[in-house]
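Participant: Provided below are the primary sequence and the corresponding predicted coordinates.
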Amino acid sequence: MKAVVFHVYGPPEVLQLAEVDKPAPGNREVLVRIRATTVTAEDPKMRGFKHPPLLWLPIGLLFGFRRPRKTILGTEFAGEVEAVGKDVTLYRKGDPVFGYTGTSFGAHAEYKCIPERAIMAAKPSKLSYEQAASIPNGALTALVYLRNMARLQPRESVLVYGASGAVGTAAVQIAKALGARVTGVCSGRNLALVASLGADEVIDYTRQDFTRNGQAYDVVFDTIGKTSMAQVEGSLRPKGRYLVTVFGVRELLRMLWTSLAGGKRILGGASNFHWTPGDLAYLRDLIEAGELTAVIDRSYPLADAAQAHRYVEEGHKRGNVVLTVDGPPRAAASEPHRA
């Protein structure tokens, strides 16, 4: 089978399209024929070993310090079940599915073996394979942060910073589905996109500083790591929650302190360790109900994975960047679209 592999850490050029052995499913695994996958913000970090110092040791121990132990990246996928192990009961050959591979990675390939009870579910009928592949990582992150960590309630107010990214576009929609009033913060070129996703108000961060607009929010969700507690504290209501997806030792200490002190809190963590197949099914139901949709910035063929990595590393993608695993070559860039 074809797969994008890398054997040394480095720039996008270390990625190569190669022929590798096609896997065979174990007794409780399904073999998925992958039709589409994505390049998330984490993929270039893994490829270049570009992690915060706090994570160097655990990531190095898990995935290798000098060279990668996982040579095929990619965590999101959509495709069909090609074969099932003899003890599998939840899926049959031909079932359209989508999901998340977790720390096993391996989605940048034509085939991937997935445990039957992994983060996987039936593909939403409303979505193409490209659109379905772009859902899990961003939407599951947003769901766990808003529903589980912040315990967001109907009629509460949420500000989503970085509202045009993969997590941000999902967060705007999920917060609305949970009954919140949503303010999205993004660049001027993305204001219309974020408003189309249901944001009640949109702020162009290049023209307006939300911390000085006199508004207070129940939740401030920084999806890209560009703010700090010191900056946003004045914009939080007395029991407000500040959600961070990027954090270091200072933020960890503040999390501990605010959890003990009460009042305004800073919350964060490795949300992917809390995801369940039920969460993915919940997202599928939101999609079928028209409350959650996919946002795709660009699509690339699998052979152009290095080019997709370069684009993601620029830090300006809107929504998701997709790799198509089969079919004829496509133009590298396309206009952002929704499901």
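Facilitator: Okay, I see it. Numbers count the residues shown, from 1 in each chain.
Participant: hang on, residue 144 is in a helix, isn't it?
Facilitator: Yes. Residue 144: assigned to a helix according to DSSP: H, G, I helix; E, B strand; the rest coil.
Participant: Domain boundaries for the chain, per the record?
Facilitator: Following automatic domain parsing, the chain resolves into domains at 2-135+294-338, 137-273.
Participant: Would you reformat those as CSV and include distance to residue 279, mean neighbour count and mean pLDDT?
Facilitator: C-betas here are computed from N, CA, C, even on glycine. Listed next are the domains of the chain as CSV, based on distance: least, Cβ to Cβ, whole Å; neighbours: other Cβ atoms under 10 Å; pLDDT from 0 to 100:
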stretch, distance to residue 279, mean neighbour count, mean pLDDT
domain 2-135+294-338, 8, 19, 92
domain 137-273, 6, 19, 91
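Participant: Distance to residue 286 added to the ones you listed, as JSON lines?
Facilitator: Formatted as JSON lines, the domains of the chain follow (distance: least, Cβ to Cβ, whole Å):
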{"stretch": "domain 2-135+294-338", "distance to residue 286": "9"}
{"stretch": "domain 137-273", "distance to residue 286": "6"}
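Participant: between those domains, which one is nearest to residue 280?
Facilitator: Nearest to residue 280 among the domains of the chain is domain 2-135+294-338; the distance by Cβ to Cβ comes to 4.4 Å.
Participant: Centre of the chain to the closest one, how far?
Facilitator: 12 Å (Cα atoms, centre = their mean, to the nearest Å).
Participant: one step back: closest to residue 281 out of the domains of the chain?
Facilitator: Nearest to residue 281 among those is domain 2-135+294-338 (4.9 Å), distances taken as Cβ to Cβ.
Participant: any idea where the helices of the stretch 51-200 of the chain begin and end?
Facilitator: 53-63, 129-133, 136-143, 166-177, 191-196 (DSSP state H, counting those that start in this stretch).
Participant: Make JSON lines out of these and add distance to residue 223.
Facilitator: As requested, the helices of the stretch 51-200 of the chain are exported to JSON lines (distance: least, Cβ to Cβ, whole Å):
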{"stretch": "helix 53-63", "distance to residue 223": "18"}
{"stretch": "helix 129-133", "distance to residue 223": "20"}
{"stretch": "helix 136-143", "distance to residue 223": "8"}
{"stretch": "helix 166-177", "distance to residue 223": "4"}
{"stretch": "helix 191-196", "distance to residue 223": "12"}
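Participant: Which among the ones you listed is found nearest to residue 106?
Facilitator: helix 53-63 (12.6 Å).
Participant: which residues touch the closest residue to residue 287 other than its chain neighbours?
Facilitator: Leaving aside its sequence neighbours, residue 287 sits nearest to residue 124 (Cβ to Cβ, 6 or more residues apart in numbering; 4.3 Å). For residue 124, the contact set (Cβ atoms under 8 Å, 6 or more residues apart in numbering) comprises 98, 132, 135, 284, 287-288.
Participant: redo that, cut-off 10 Å
Facilitator: Listed by Cβ atoms under 10 Å, 6 or more residues apart in numbering, the contact set of residue 124 reads 78, 96, 98, 131-132, 135, 283-288, 292-294, 339.
Participant: and these, which of them are in strands?
Facilitator: Per DSSP state E, strands hold the following members of the contacts of residue 124: 78, 96, 98.
Participant: Now the residue nearest to the second one when sequence neighbours are not counted: phi and psi?
Facilitator: The spatially closest residue to residue 96, leaving aside those adjacent along the chain, is residue 123, at 3.9 Å (Cβ to Cβ, 6+ apart). For residue 123, the backbone dihedrals are phi -70, psi 140 (criterion: degrees, to the nearest 10).
Participant: ditto for residue 6
Facilitator: Note on residue 6: its backbone torsions stand at phi -150, psi 140 [degrees, to the nearest 10].
Participant: State the distance from it to residue 39.
Facilitator: Noted for residue 6: a distance of 13 Å to residue 39, by Cβ to Cβ, to the nearest Å.
Participant: what do these two both touch?
Facilitator: 47, 73, 108, 305-306, 309.
Participant: May I see the residues you listed arranged in TSV, with distance to residue 193 as well?
Facilitator: Converted to TSV, the shared contacts of residue 6 and residue 39 look like this (distance: Cβ to Cβ, whole Å):
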residue	distance to residue 193
47	28
73	27
108	27
305	25
306	27
309	23
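Participant: who's in contact with residue 226?
Facilitator: By Cβ under 10 Å, 6+ apart, residue 226 lies in contact with 161-162, 185, 205, 246.
Participant: For it, pull up the helix or strand it's in.
Facilitator: Using DSSP states H and E, residue 226 maps to neither a helix nor a strand.
Participant: From residue 188, how far out is it?
Facilitator: Remark: distance between residue 226 and residue 188 (Cβ to Cβ) = 16 Å.
Participant: what about the strands in the stretch 101-250 of the chain?
Facilitator: Per DSSP state E, counting those that start in this stretch, the stretch 101-250 of the chain carries strands over the ranges 111-115, 119-122, 157-161, 181-186, 201-204, 217-222, 236-244.
Participant: Tabulate those in TSV, adding columns for distance to residue 150.
Facilitator: As requested, the strands of the stretch 101-250 of the chain are exported to TSV (distance: least, Cβ to Cβ, whole Å):
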stretch	distance to residue 150
strand 111-115	30
strand 119-122	21
strand 157-161	8
strand 181-186	13
strand 201-204	19
strand 217-222	5
strand 236-244	5
